[in-house]
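After the sequence you'll find the predicted model.
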Amino acid sequence: MNKIYIVEDDRSIRTELAELLNNSGYETECLTDFSDAENSIINARPDLILLDINIPAVNGEMLLRKLRKKTDTPVIMVTSRTSEADEVLSMSYGADDYITKPYNPTILLLRISAVLKRASKANIRTSYRNLTINSAKGSLSDGITETVLTKNEMIIFQLLLDRQGHIVSRNDIMTALWDNEEYINDNALTVNISRLRNKLSDFGYGNAIETRKKQGYILV
């Protein structure tokens with residue numbers, strides 16, 4: 001059963017949403033204390049977040065921006081605002097969808113279902129040697145130990161894995177990182193590769209990434 005976390009300060013709307021979702025087969029949890037919204041949401045480990053823009057203590061869009069630094073959990077913005085600028089800003093901060101109030105319950109449920117299906121497809125686990133790779137979570141596991149990669153490390157590793165046995169140029173890697181929020185230059189790329197190697201080394205794969213001078217890197 002998918003768990004949906006409701007971030008809505010209007011008690012009546014919050015109750016209405018929870019009832020609708022519970023009757024539709026979802027588990028729900030509601031945020032009632034907005035003083036530490038970010039950690040409350042992270043600790044709840046939901047499958048999807050319904051996030052209102054106008055909430056106490058912190059703007060919903062700013063909260064979304066903070067959440068995206070820690071989790072890829074799908075987020076649907078639910079708001080009474082109708083400005084296209086708000087929609088564009090929310091999507092640029094990492095929202096998966098956007099719906100305005102008053103919402104049609106059937107449309108909302110369809111949006112939730114569609115976002116969860118997309119997230120499920122993205123949460124495919126792949127493998128490298130004896131390691132299980134959870135790309136959505138950004139983790140590597142040998143069944144005993146789990147190591148979480150940074151967003152940049154995961155992008156680099158996935159790119160090398162997709163082209164395993166073939167050289168991937170530094171330019172290709174930096175292009176893959178271009179849309180990430182942290183600016184990447186040549187030195188930063190070298191640091192990320194080094195950290196990724198260290199994490200693979202913890203599993204006994206310290207030589208997994210080979211450097212080919214003037215060409216790039218290859219995952220063996």
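Sure thing, it's come through.

hey, let's count contacts and neighbours off CA atoms from now on
OK.

hmm, who's touching stretch 212-220?
Here stretch 212-220 makes contact (CA atoms under 8 Å, 6 or more residues apart in numbering) with 160-161, 163-170, 208-211.

Ignore what I typed, I meant stretch 36-56.
2-9, 31, 34, 59-61, 63, 66-67, 71, 73-79, 116.

before we move on, back to that, got the contacts of stretch 212-220 as a markdown table, with neighbour count, secondary structure and distance to Asn198 columns?
Below are these laid out as a markdown table (neighbours: other CA atoms under 10 Å; DSSP: H, G, I helix; E, B strand; the rest coil; distance: CA to CA, whole Å):
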| residue | neighbour count | secondary structure | distance to Asn198 |
| --- | --- | --- | --- |
| Leu160 | 21 | helix | 16 |
| Leu161 | 17 | helix | 17 |
| Arg163 | 14 | coil | 20 |
| Gln164 | 17 | coil | 19 |
| Gly165 | 12 | coil | 20 |
| His166 | 14 | coil | 21 |
| Ile167 | 17 | coil | 20 |
| Val168 | 21 | strand | 19 |
| Ser169 | 18 | coil | 20 |
| Arg170 | 16 | helix | 19 |
| Ala208 | 14 | coil | 10 |
| Ile209 | 19 | strand | 10 |
| Glu210 | 14 | strand | 13 |
| Thr211 | 16 | strand | 14 |
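
Nearest to Asn23 among those residues?
Top of the list for closeness to Asn23, among those and by CA to CA, is Leu161 at 42.2 Å.

and the closest one, how far is that from Val168?
10 Å (CA to CA, to the nearest Å).

what separates the longest helix seen in the chain from the chain centre, distance-wise?
Longest helix in the chain by number of residues (criterion: DSSP state H): helix 105-122. Distance of helix 105-122 from the chain centroid (CA atoms, centre = their mean, to the nearest Å) equals 16 Å.

following it, which helix or strand shows up next?
strand 125-128 (DSSP states H and E).

What mean pLDDT does that next one get?
Summarised as a single mean, pLDDT over strand 125-128 is 79.

what's it packed up against?
The helices and strands touching strand 125-128, judged by 3 or more CA pairs under 8 Å, 6 or more residues apart in numbering; DSSP states H and E, are strand 131-134.

Just checking: what are the partner strands of the strand it packs on?
The strands beside strand 131-134 in its sheet (DSSP bridges) come out as strand 125-128 (antiparallel), strand 139-141 (antiparallel).

Other residues contacting the longest one?
Translated: strand 125-128. In contact with strand 125-128 (CA under 8 Å, 6+ apart) are residues 132-135, 161.

and after the lowest-mean-pLDDT helix or strand in the chain, which helix or strand comes next?
Across the helices and strands of the chain, mean confidence by mean pLDDT, DSSP states H and E is lowest for helix 84-92: a mean of 66. Later in the chain than helix 84-92, the nearest helix or strand by DSSP H and E is strand 97-100.

In terms of secondary structure, what does that following strand contact?
Using 3+ CA pairs under 8 Å, 6+ apart: strand 97-100 touches strand 75-79, helix 84-92, helix 105-122.

how about the nearest residue to Leu108, chain neighbours excluded?
Distances taken as CA to CA, 6 or more residues apart in numbering put Ile99 closest to Leu108, at 7.4 Å, once the chain neighbours are dropped.
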